[in-house]
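Enquirer: sharing a sequence plus its predicted fold:
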Amino acid sequence: MIETRNLVHRYGDDGPAAVDGVSLSIDDGEFVLLAGPNGSGKSTLVRHFNGLLEPDEGAVLVDGAPVDENLVAARTKVGMVFQQPRDGFVAATVGADVAFGPENLGLSREEIDRRVDAALAAVNMTGRREERIDELSGGERERVAVAGALAMEPDHLVLDEPFTGLDAPARESVVDQLRALKEAGTGVVLVTHDLRDAVDLADRVVALADGRVAADGAPDEVRDRLPDLGIRVPPRREPRRP
């Protein structure tokens, strides 16, 4: 479980709160859309989940343990995929990049190779270890970034605007991977301002506005409130006629 308690984060001593008193619990295996327009605090919030940012007030816990007391444990349990995949790449080739996290856990070579193979298989990139990341398409880079997070075998995977800059086939590929992760029991937190790609996968939508939770519930429960918060939602599907 990921939990925030009255979390506050400011950029600068005198600046307004980017996250303002957010208390939130995300269960294991839950698929959550964290939605809101640009500047609503989404990215700032999720960067607290594994200690990339420190709160000015409040607390963040993973499985009941404060994140700041054991960053390695938090970052093992909560994998992060950034909005721009290149921001998270640390190696030139697919295999070396996906292996980086497990290597830093001090795992055996055999276990690292197992994790890399499993992660690449999960994103349909088996056999592509030696390919250079800078020669991949945008959608392929997104999949490598997801594989790198999956190789840590996290309980939760956080993806920050993963559809940005992707064409339709690449978006569909990412949605397919997210569906597979959900079916495998991995918790997913998907940061987005546009629910159209993934709303059918979501168990829950948490909407932020001005750094605060403005709506929280099942997609159908909160759908009608979201457009007023600057969040794009797909039209309701008409029931099939018998």
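Expert: In hand now; what should we look at?
Enquirer: elements contacting the worst-scoring helix or strand of the chain on mean pLDDT?
Expert: Across the helices and strands of the chain, mean pLDDT, DSSP states H and E gives its lowest value to helix 168-184, namely a mean of 83. Judged by 3 or more C-beta pairs under 8 Å, 6 or more residues apart in numbering; DSSP states H and E, helix 168-184 is in contact with helix 109-122, helix 138-150, strand 187-192. For glycine as for every other residue, the C-beta is placed from the backbone atoms N, C-alpha and C.
Enquirer: with only the CA atoms kept, save the first one in CSV.
Expert: Yep, that's helix 109-122 we're talking about. C-alpha atoms of helix 109-122 as CSV (Å, rounded to 0.1, in the frame of the first residue of the first chain):
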residue,chain,number,x,y,z
ARG,A,109,24.0,-12.4,-12.5
GLU,A,110,21.6,-15.3,-13.0
GLU,A,111,18.8,-13.4,-11.1
ILE,A,112,19.5,-10.2,-13.1
ASP,A,113,19.3,-12.0,-16.4
ARG,A,114,16.0,-13.7,-15.3
ARG,A,115,14.5,-10.3,-14.4
VAL,A,116,15.7,-8.6,-17.6
ASP,A,117,14.2,-11.5,-19.7
ALA,A,118,10.9,-11.4,-17.9
ALA,A,119,10.6,-7.6,-18.1
LEU,A,120,11.4,-7.5,-21.8
ALA,A,121,8.9,-10.3,-22.4
ALA,A,122,6.3,-8.4,-20.5
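Enquirer: who's in contact with that helix?
Expert: With contact meaning C-beta atoms under 8 Å, 6 or more residues apart in numbering, helix 109-122 is reached by 94-95, 98-99, 102-103, 107, 126-129, 146-148, 150-153, 177, 180-181, 184.
Enquirer: quick check: closest non-adjacent residue to residue 182.
Expert: Of all residues not flanking residue 182 in the chain, residue 31 sits nearest, at 5.1 Å (C-beta to C-beta, 6 or more residues apart in numbering).
Enquirer: now do the SS call for the residue nearest the centre of the chain.
Expert: In the chain, the C-alpha nearest the mean C-alpha coordinate belongs to residue 158, at 1.7 Å (C-alpha atoms, centre = their mean). Judged by DSSP: H, G, I helix; E, B strand; the rest coil, the three-state class of residue 158 is strand.
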